[in-house]
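Asks: My questions are about this predicted structure, shown below with the sequence.
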Amino acid sequence: MGLGKLMHAFSKEFQAELHNLMKWRRDVRHFKSDPIPTDMLLDCLNAFQMAPSVGLSEPWRIVRVTSDKARNAALSNFRSANADALAGYSGDKAATYAGLKLSGMSDAPEQIAVFCDEATTKGGGLGAKTMPEMRRYSVVSAIMTFWLALRAQGLGLGWVSILDPEQLREDLDVPENWQLIAYLCIGWPKQDTLVPELETVGWEEREPDLAKWIER
């Protein structure tokens, strides 16, 4: 029996829908205020447990940011980091940057911070001795799995990367060995679009649908 007979095969219809799901996955910054049912959020969070991780270390640590104090601290952190980032641009680029909405932190009903536990003993260090950053890559992979699970439910996610990670770690009072990987805003998108917002406003363009690689 060939390998193909041993592995689960998905229909052409499913493959087309998966491709469609990946196309509709967008970085959302404009959210409705409607709450997300807790059971729906938990169902999507379970996607983390289906994600791959180096050495089966599962190094992701998730903090649900709910209090006004924690959210205000995160928002203040973003505004400070965003002002510093704006100062690094000039001319038309600065004007375009100033007009971007780079965070949905003011209106997203759910916000979570995802960390990597750099000191985890789970997995026994397998695959991370020479490349310890593999733990962080594992967390990123899990976030993408979560992102697709959210989108399949009609939910949107916005990844906020304009932050001081050390300040956020202190504000959320998490262990020193937890490295911030992502601050995620989650909610119902105000509108659906296949075009990245940064492309819409002329910040950058996607590469054409063509795989590129180097052969040796």
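Replies: Good, I have the coordinates. Residues are numbered from 1 along each chain as shown.

Asks: Model confidence at residue 209, what's the number?
Replies: Predicted confidence (pLDDT) at residue 209: the value is 71.

Asks: SS state for it?
Replies: In three-state terms, and counting by DSSP: H, G, I helix; E, B strand; the rest coil, residue 209 is coil.

Asks: Measure how buried it is and give me the count.
Replies: By the criterion of other Cβ atoms under 10 Å, residue 209 has 5 neighbours. For the C-beta atoms, the positions are set from N, CA and C on the backbone; glycine is no exception.

Asks: what sits against the residue most central in space within the chain?
Replies: Closest residue to the average C-alpha location of the chain: residue 159 at 4.7 Å, with Cα atoms, centre = their mean. Contact partners of residue 159, counting by Cβ atoms under 8 Å, 6 or more residues apart in numbering, are 27, 143, 182-184.

Asks: next one: residue 122
Replies: 55-59.

Asks: likewise residue 82?
Replies: 102-103, 162.

Asks: Helix or strand: which one has residue 186?
Replies: Assigned by DSSP states H and E, residue 186 falls within strand 178-187.

Asks: Mind listing the strands that strand pairs with, and their directions?
Replies: Applying DSSP bridges, strand 178-187 is found paired with strand 110-117 (antiparallel), strand 156-160 (antiparallel).

Asks: tell me, how many neighbours does residue 92 end up with?
Replies: 9.
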